[in-house]
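Q: Below is the structure, and that's it, no one-letter string:
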């Protein structure tokens, strides 16, 4: 179940969500840590891995798309 669906169905607080995420061992198929940042003070959660960041840093052009119109109530 995605984080968005989970939040919608269980209506957890941001603090509860960050605690649950920090307890998970989120790994990529290459066994890299996938939870990059989970900052409870700033309420920031970033999913990525070192390989993704290296590719991003080596890119000359970056295309960005935002889907901010669809957010669970927890993130608004």
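A: Great, that's in hand. Everything numeric in this text was worked out from a predicted model, so none of it was measured.

Q: What's the per-residue pLDDT of the residue of the chain lying at maximal distance from its centre here?
A: For the chain, the residue at maximal distance from the C-alpha centroid (CA atoms, centre = their mean) is residue 60, at 24.2 Å. Per-residue pLDDT puts residue 60 at 95.

Q: tell me the secondary structure for it?
A: The three-state assignment at residue 60 reads coil, by DSSP: H, G, I helix; E, B strand; the rest coil.

Q: quick one, what contacts it?
A: If you count contacts by CB atoms under 8 Å, 6 or more residues apart in numbering, residue 60 has none. Bear in mind the C-beta positions are built from the backbone N, C-alpha and C, glycine included.

Q: if I look at it, how far off is residue 17?
A: From residue 60 across to residue 17, the span is 36 Å (CB to CB, to the nearest Å).

Q: And for residue 64?
A: Distance from residue 64 to residue 17, by CB to CB: 24 Å.

Q: which one of those two has more residues nearby?
A: residue 17 (21 against 4; other CB atoms under 10 Å).

Q: which secondary structure elements does the helix or strand where the more buried one lies contact?
A: According to DSSP states H and E, residue 17 maps onto helix 14-23. For helix 14-23, the packing partners by 3 or more CB pairs under 8 Å, 6 or more residues apart in numbering; DSSP states H and E come out as helix 3-10, strand 35-39, strand 44-47.

Q: Skipping adjacent residues, who's closest to residue 30 in space?
A: Nearest residue to residue 30, sequence neighbours excluded (CB to CB, 6 or more residues apart in numbering): residue 51, at 6.8 Å.
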